[in-house]
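A.B. asks: sequence unknown, structure follows:
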Ligand SMILES: NC(=O)C1=CN([C@@H]2O[C@H](COP(=O)(O)OP(=O)(O)OC[C@H]3O[C@@H](n4cnc5c(N)ncnc54)[C@H](O)[C@@H]3O)[C@@H](O)[C@H]2O)C=CC1
Ligand SMILES: O=C(O)C(=O)COP(=O)(O)O
């Protein structure tokens, strides 16, 4: 396991100065007093150096690991960590969170947040941030490439050439123009893919569980089955959820046209891979491209196994849909910026499990953050604490979810540890921080 502080020579080529978006978003922090104590950041799964650069510029202590960690490893490592950054592999469970007494925030340097127990984090007063669309174009472009590769059996004939076999044939090979692409999940990725596919002359149909705007000439279908039975290519772009678990199994594959193709770059739990392998070997399906698997290795290396290995016209990739330099640099910048703003100013803008609040800095003020269970009377009790200590409230913003309230309070005098303890000791309080 490679670990330790990132060193300049180990860094991939990145801009030497912080990116423009981050500069703009963080410039107001210059007026805010720096954190009173060192901020420890643990970044896993090879988070892009742009993020590392931004944290180090803030004076945060960064530990960068190239791998994900098991629950046991994470429970050990997270004890004195203030910010953790993960990607799609590392599972931040309730058990891990209950061990993370100093944790202020979690950054998913990707789209999916299914790897985090969001409710547990919320109830422990820990906001979770992600990058909702920075890698979506990368996924859409990969799928377009794979549609052509599958339609021309490119990987099999290329493998033949590498092995000295000249396998020239048009049998079973087709143009994609005029063919039908069925998109399941018409969100950020699915909708971009819709536009790219139509630009290649494909007909696009799609199925989503919510009403969405059909882009271009795409056609919404009333059911998953309608997509499966009419598409030449079926591609899956849904989140991991109880509803999407094994949503494509033997029964659904049977509904697909003979010779059709299945592509999945969403989550490994969405497709029954044994049923897919059986269908590829029987010749019912013409090919598949799979980027995600029920179990994925925690680090690069050998030993990966899947029932799809050696199936005909089957493209297997190691969860690289979002793995482009452009996407990773944007994600590193976006998520690191959100985490720095949280630590330095209490901003929860773009948090996926918290009320989204941000309060501009006002000079000669002191800021307290409080997360509490969403029950009546908390605001009154906190304001009584200030009033009884002749502390004037200069700004106060409260946001709530069904379970929690998040309060940012600016007061006119330095908040003593005694005041912080008085607020923290209120029964509904979950977490209280004196920011400055
Ligand atoms: N392979 C990779 O490297 C990557 C994988 N992903 C995965 O792709 C997923 C989709 O990404 P985005 O398009 O950005 O998400 P998104 O949230 O923008 O779109 C997902 C769409 O799926 C729909 N949906 C949810 N459940 C459904 C169901 N049962 N049937 C049909 N539609 C359903 C939603 O209504 C939404 O419109 C992410 O949740 C993530 O798990 C995302 C980026 C990279
Ligand atoms: O963005 C997502 O949800 C992804 O699946 C990308 O995963 P990764 O960051 O490559 O581990």
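C.D. replies: Alright, I've got the coordinates. Just so it is clear, the model here is predicted, and its values are computed rather than measured. Numbering: from 1, shown residues only. Ligands and ions are numbered 1, 2, ... in the order given.
A.B. asks: Which positions in the chain make contact with ligand 2?
C.D. replies: With the criterion set to Cβ under 6 Å from any ligand atom, the chain comes near ligand 2 through 45, 87-89, 110-112, 135, 319, 322-323. All C-beta atoms are positioned from the backbone trio N, CA, C, and that covers glycine.
A.B. asks: What backbone torsions are found at residue 52?
C.D. replies: Torsion angles at residue 52 (phi, psi; degrees, to the nearest 10) stand at phi -60, psi -50.
A.B. asks: Against residue 83, how distant is it?
C.D. replies: Shown here: residue 52 relative to residue 83, a distance of 12 Å by Cβ to Cβ, to the nearest Å.
A.B. asks: One more: residue 178?
C.D. replies: Distance, residue 178 to residue 83, by Cβ to Cβ: 50 Å.
A.B. asks: Have a look at those two and say which one is more surrounded.
C.D. replies: Taking residue 178 and residue 83 together and counting by other Cβ atoms under 10 Å, residue 83 has the greater number of neighbours (24 against 11).
A.B. asks: dump the residue contacts of the more buried one.
C.D. replies: 39-42, 55, 60, 103-107, 339, 343 (Cβ atoms under 8 Å, 6 or more residues apart in numbering).
A.B. asks: Need the residues you listed in JSON lines (columns: distance to ligand 1 and pLDDT).
C.D. replies: Converted to JSON lines, these look like this (distance: Cβ to the nearest ligand atom, whole Å; pLDDT from 0 to 100):
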{"residue": "39", "distance to ligand 1": "28", "pLDDT": "97"}
{"residue": "40", "distance to ligand 1": "28", "pLDDT": "98"}
{"residue": "41", "distance to ligand 1": "23", "pLDDT": "98"}
{"residue": "42", "distance to ligand 1": "22", "pLDDT": "98"}
{"residue": "55", "distance to ligand 1": "23", "pLDDT": "97"}
{"residue": "60", "distance to ligand 1": "26", "pLDDT": "97"}
{"residue": "103", "distance to ligand 1": "23", "pLDDT": "97"}
{"residue": "104", "distance to ligand 1": "25", "pLDDT": "98"}
{"residue": "105", "distance to ligand 1": "21", "pLDDT": "98"}
{"residue": "106", "distance to ligand 1": "17", "pLDDT": "98"}
{"residue": "107", "distance to ligand 1": "15", "pLDDT": "98"}
{"residue": "339", "distance to ligand 1": "19", "pLDDT": "98"}
{"residue": "343", "distance to ligand 1": "26", "pLDDT": "97"}
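A.B. asks: What is the nearest of those to residue 254?
C.D. replies: Within those, proximity to residue 254 (Cβ to Cβ) peaks at residue 106, which comes in at 40.7 Å.
A.B. asks: Find out how far the host helix or strand of the closest one is from the centre of the chain, if you would.
C.D. replies: Residue 106 is part of strand 105-108, with elements assigned from DSSP states H and E. Its chain's C-alpha centre and that of strand 105-108 lie 9 Å apart, by Cα atoms, centre = their mean, to the nearest Å.
A.B. asks: got the buried residues for the next helix or strand after it?
C.D. replies: Following strand 105-108 in sequence order, the next helix or strand is helix 118-123 (DSSP H and E). Taking 16 or more other Cβ atoms under 10 Å as the neighbour-count basis, helix 118-123 is seen to contain the buried residues 118, 120-123.
A.B. asks: same question, stretch 306-325
C.D. replies: Going by 16+ other Cβ under 10 Å, stretch 306-325 has these buried residues: 306-308, 311, 313-316, 319, 321-324.
A.B. asks: The closest residue to ligand 1 within the stretch 51-200 of the chain: neighbouring residues, count only.
C.D. replies: Ligand 1 sits closest to residue 187 of the stretch 51-200 of the chain, with a gap of 1.8 Å, by Cβ to the nearest ligand atom. Applying other Cβ under 10 Å, we find 18 other residues in the vicinity of residue 187.
A.B. asks: Nearest residue to it in space, ignoring adjacent ones along the chain?
C.D. replies: Nearest residue to residue 187, sequence neighbours excluded (Cβ to Cβ, 6 or more residues apart in numbering): residue 237, at 6.4 Å.
A.B. asks: Would you agree that neighbour is in contact with residue 192?
C.D. replies: No. The pair residue 237 and residue 192 does not pass the contact test of Cβ atoms under 8 Å, sitting 9.4 Å apart.
A.B. asks: who's more crowded, those two?
C.D. replies: Per other Cβ under 10 Å, whichever of residue 237 and residue 192 has more neighbours is residue 237, with 27 against 20.
A.B. asks: which phi and psi does that one have?
C.D. replies: Recorded main-chain torsions at residue 237 are phi -140, psi 60, according to degrees, to the nearest 10.
A.B. asks: Over to residue 187?
C.D. replies: Here is the backbone geometry of residue 187 (degrees, to the nearest 10): phi -100, psi -140.
A.B. asks: do residue 261 as well
C.D. replies: Residue 261 has phi and psi values of phi -120, psi 150 when expressed as degrees, to the nearest 10.
A.B. asks: need the contact list for the residue nearest to residue 187.
C.D. replies: Residues in contact with residue 237 (Cβ under 8 Å, 6+ apart) are 139, 183-187, 189-190, 193, 265-266.
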